[in-house]
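Sequence unavailable; structure follows:
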């Protein structure tokens, strides 16, 4: 896994093994949402590996944090 530098939302989707083109991200965001205080990594639409990556990114305050935070925000709209 790459662990240095700035990571865009597109990079995060690619890292998670998801289609990372803008249109695919828009479609994902249209289909998935977080409710209230639901944690991003606990959402039912992640695989175990994706869930683990998201949890570690936040807990380790990794350079993926900004992209993960952006995804969290976008899933709440």
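Ah, there it is. All values reported here derive from a predicted model rather than from experimental measurement. Numbers count the residues shown, from 1 in each chain.

who touches stretch 8-15?
1-2, 7, 19-22, 24-25, 28, 53, 64, 67-68, 70-71, 74 (CB atoms under 8 Å, 6 or more residues apart in numbering). C-beta: built from backbone N, CA, C; applies to glycine.

Those in helices, which ones?
22, 24-25, 28, 53, 67-68, 70-71, 74 (DSSP state H).

Put together CSV for these, with pLDDT and neighbour count on each row.
Converted to CSV, these look like this (pLDDT from 0 to 100; neighbours: other CB atoms under 10 Å):
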residue, pLDDT, neighbour count
22, 98, 11
24, 98, 13
25, 98, 18
28, 98, 18
53, 97, 20
67, 97, 20
68, 96, 23
70, 96, 14
71, 98, 22
74, 97, 16
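
For those residues, which two are the farthest from each other?
Maximum pairwise distance among these (CB to CB): 21.3 Å, between 22 and 53.

If you count neighbours, what's buried in stretch 37-55?
40-41, 43, 46, 50-51, 53-55 (16 or more other CB atoms under 10 Å).

what does stretch 60-73 give?
Applying 16+ other CB under 10 Å to stretch 60-73 flags 62, 64, 67-68, 71-72 as buried.

could you redo those residues as CSV and give each row distance to residue 36?
Below are these laid out as CSV (distance: CB to CB, whole Å):
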residue, distance to residue 36
62, 26
64, 24
67, 23
68, 19
71, 17
72, 13
